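*Asks:* Just the structure for this:
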Amino acid sequence: MPQTIPDFSNSVKLKYVKLGYQYLVNHFLTILLVPIMGAIILQILKLGPDEIFNILRSLHVDLVQMLCSSFLIIIIATVFFMSRPRSVYLVDYACYKPPVTCRVPFSTFMEHSRLILKNNPKSVDFQMRILERSGLGEETCLPPSIHYIPPKPTMEAARGEAELVIFSTIDSLMAKVGIKPKDIDILIVNCSLFSPTPSLSAMVVNKYKLRSNIKSYNLSGMGCSAGMISVDLARDLLQVYPNSNALVISTEIITPNYYQGSERAMLLPNCLFRMGGAAILLSNKRRESSRSKYRLVHVVRTHKGSDDKAYKCVYEQEDTERKVGINLSKDLMVIAGEALKSNITTIGPLVLPASEQLLFLFTLIGRKIFNLKWKPYIPDFKQAVEHFCIHAGGRAVIDELQKNLQLSAEHVEASRMTLHRFGNTSSSSLWYELSYIESKGRMRKGDRVWQIAFGSGFKCNSAVWKCNKTIEAPIDDGPWQDCIDMYPVNIPEIVKL
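*Replies:* Numbering: from 1, shown residues only. Prediction:
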């Protein structure tokens, strides 16, 4: 049947109506005050010089009153500026780029799986199906100990991987920024599954001979969103300690956590997780504002651990053969969606323009109070931020967030390409994505970036940054320096192996 009623949702006129509504609401005060100020200025211009002089003479101001008023204004201004939170600047960051010798093409991964799981061909087939649909490419890397058949997840090998990843990123960051180890006041290292004694933060202190009074923290067991937790902890510490630098290290050590059993739910991380790490320098020094890349605007953390399903959806445990691995629940995507909903409900009022907040409020009132059959209004976060860094946990995670937040392919390009080139690098994946956006020359002064990460427990944490300066491409020292021209690439739904 032909359409008798036009499709108003795609009407060009309605598009301009929405744009006009957004401009009107977001600039309401300007639109209101400009005519008033204009009228006042016109009235003053109509007065003659004598009339203006008489008005000024009629204002009798006592000297004591003037001094008291000035003193009060100074006190109020001092209290205001002292109570304001200190600005936290992201001076620069560096991402670890694994050597070519650690590369694991699909053929190599599957050959090793067949040899390791030779008594369980169904598990091999399962891994192959996961890898075909994973969104990973042929350049992802695993640590040297995993290349052995069978793998050798020794403590020595795990420490070797940690030293390689962490020290390489710190060296790269210090070379970029020109900072010395003695200039670091706060050190935070997050690694979820590998927690040796002495800690990884102590390992960094020992290697770089950091000061004895350094504020050192080591976060473990907090999943892929621990990078945002580290940033939040650094922000709080920088509010307490003035004129300080904070070094944040985000990584995941793969060596001791490669599962060698046959449980399907525990084989999944083997197919997705790869080597990676990032070092970030944060500062509250005012002189760093001129050369820093970003300023931290908001950090929002959401924890769903009170719910039993959410708590156990990413769970480290032993299988029937007493082999340790990470069990990923089938309910993971549903729980992640609930955590995301709670997170954006909190961060929305902080970043969304007034036009989007009003639409959300009207829709909520209509549905909850008047019981109208309206669909829930999903705010347009593209009005609030220009760039999105979604944790590259897997193809399904990126697809779900793109759908729920109504993002374009370009908005999730950095996440998809990071997953394709580096795999799931856990808490450091957000920094590979940010580096991708910079390497493409898309980051301009004033742009806002929203980083969203998910982690065991279950948590959804996010941070919003504002760019302090236009970042020119190409970037000569980033993880994308030798391959950025090849991206974006087409990633098929299934890669036949």
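*Asks:* which residues in this protein form strands?
*Replies:* With DSSP state E as the criterion, the chain has strands at 89-95, 186-190, 215-219, 245-251, 277-283, 294-303, 314-318, 324-328, 387-390, 448-455, 459-467.
*Asks:* Report all helices and strands that the third one contacts.
*Replies:* The one in question is strand 215-219. Applying 3 or more CB pairs under 8 Å, 6 or more residues apart in numbering; DSSP states H and E, one finds that strand 215-219 contacts strand 186-190, helix 200-208, helix 226-240. (C-beta placed from N, C-alpha, C; glycine too.)
*Asks:* Look up which residues are beta-bridged to the residue nearest the centre of the chain.
*Replies:* In the chain, the C-alpha nearest the mean C-alpha coordinate belongs to residue 451, at 2.2 Å (CA atoms, centre = their mean). Beta bridges link residue 451 to residue 389, residue 463, judged by DSSP bridges.
*Asks:* ok, residue 276 - contacts?
*Replies:* 95-96, 98, 165, 251-252, 422-423, 425-426, 428-429, 432 (CB atoms under 8 Å, 6 or more residues apart in numbering).
*Asks:* With adjacent residues omitted, what lies nearest to it?
*Replies:* residue 425 (2.6 Å; CB to CB, 6 or more residues apart in numbering).
*Asks:* What values do phi and psi take at that neighbour?
*Replies:* The phi/psi pair for residue 425 (degrees, to the nearest 10) reads phi -100, psi 20.
*Asks:* neighbours around it, how many?
*Replies:* Residue 425 has 33 neighbours, counted by other CB atoms under 10 Å.
*Asks:* ok, it touching residue 391?
*Replies:* No. With contact defined as CB atoms under 8 Å, residue 425 does not count as touching residue 391 (9.8 Å).
*Asks:* Narrow the contacts of residue 276 to those in helices?
*Replies:* 165, 422, 429, 432 (DSSP state H).
*Asks:* Can you lay out these as TSV showing neighbour count and pLDDT?
*Replies:* Formatted as TSV, the ones in helices among the contacts of residue 276 follow (neighbours: other CB atoms under 10 Å; pLDDT from 0 to 100):
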residue	neighbour count	pLDDT
165	26	97
422	28	96
429	31	96
432	28	97
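*Asks:* In TSV: the residues you listed, plus distance to residue 313.
*Replies:* Formatted as TSV, the ones in helices among the contacts of residue 276 follow (distance: CB to CB, whole Å):
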residue	distance to residue 313
165	27
422	24
429	19
432	25
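*Asks:* Now flag whichever of the contacts of residue 276 is closest to residue 226.
*Replies:* For these, the residue nearest residue 226 by CB to CB is residue 426; the value is 7.9 Å.
*Asks:* give me every residue that touches the closest one.
*Replies:* Counted by CB under 8 Å, 6+ apart, residue 426 has contacts 192, 223-224, 226, 250-252, 273, 276.
*Asks:* Considering these, which possesses the most neighbours?
*Replies:* Busiest of the contacts of residue 426 [other CB under 10 Å] is residue 250, holding 34 neighbours.
*Asks:* sorry, back to before: wait, which of the helices and strands packed on strand 215-219 is closest to residue 357?
*Replies:* helix 226-240 (23.7 Å).
*Asks:* which secondary structure elements does the closest one contact?
*Replies:* strand 186-190, strand 215-219, strand 245-251, strand 277-283, strand 294-303, helix 429-439, strand 448-455, strand 459-467.
*Asks:* and if we set it to 7 Å?
*Replies:* Contacts defined by 3 or more CB pairs under 7 Å, 6 or more residues apart in numbering; DSSP states H and E place helix 226-240 against strand 186-190, strand 215-219, strand 245-251, strand 294-303, strand 448-455, strand 459-467.
*Asks:* looking at those strands, which is buried most?
*Replies:* For these, the stretch with the most neighbours on average is strand 245-251, a mean of 27; neighbours defined as mean count of other CB atoms under 10 Å.
*Asks:* ok, the spatially closest residue to residue 157 that is not a sequence neighbour - contacts?
*Replies:* Sequence neighbours aside, residue 145 is the residue nearest to residue 157 in space, at 3.8 Å (criterion: CB to CB, 6+ apart). By CB atoms under 7 Å, 6 or more residues apart in numbering, the contact list for residue 145 reads 151-154, 157, 255.
*Asks:* Let me have those in a markdown table, extended by neighbour count, distance to residue 107 and pLDDT.
*Replies:* Below are the contacts of residue 145 laid out as a markdown table (neighbours: other CB atoms under 10 Å; distance: CB to CB, whole Å; pLDDT from 0 to 100):
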| residue | neighbour count | distance to residue 107 | pLDDT |
| --- | --- | --- | --- |
| 151 | 22 | 18 | 91 |
| 152 | 14 | 22 | 90 |
| 153 | 20 | 23 | 89 |
| 154 | 12 | 26 | 92 |
| 157 | 19 | 24 | 95 |
| 255 | 25 | 22 | 94 |
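*Asks:* what's the closest of those residues to residue 131?
*Replies:* The closest of those, once distances to residue 131 are taken by CB to CB, is residue 151, at 17.2 Å.
*Asks:* neighbours around the nearest residue to residue 420 once chain neighbours are set aside, how many?
*Replies:* Leaving aside its sequence neighbours, residue 420 sits nearest to residue 137 (CB to CB, 6+ apart; 4.2 Å). By other CB under 10 Å, 18 other residues sit near residue 137.
*Asks:* is it true that residue 137 touches residue 421?
*Replies:* Yes. In terms of CB atoms under 7 Å, residue 137 counts as a neighbour of residue 421; the distance is 5.9 Å.
*Asks:* Please report how far the residue nearest to residue 157 lies from residue 256.
*Replies:* According to CB to CB, to the nearest Å, residue 145 stands 9 Å off from residue 256.
*Asks:* and the closest residue to residue 352 other than its chain neighbours, what are its phi and psi?
*Replies:* In space, and not counting its chain neighbours, residue 352 is closest to residue 384: 5.0 Å by CB to CB, 6+ apart. Phi and psi for residue 384, reported as degrees, to the nearest 10, are phi -100, psi -40.
*Asks:* Likewise for residue 195?
*Replies:* With angles defined as degrees, to the nearest 10, residue 195 sits at phi -130, psi 80.
*Asks:* on that earlier part again, gap between the residue nearest to residue 276 and residue 198?
*Replies:* 24 Å.
*Asks:* re earlier: quick check: which of the helices and strands packed on strand 215-219 has the most neighbours on average?
*Replies:* Of the helices and strands packed on strand 215-219, strand 186-190 is the most buried (mean count of other CB under 10 Å), at a mean of 25.
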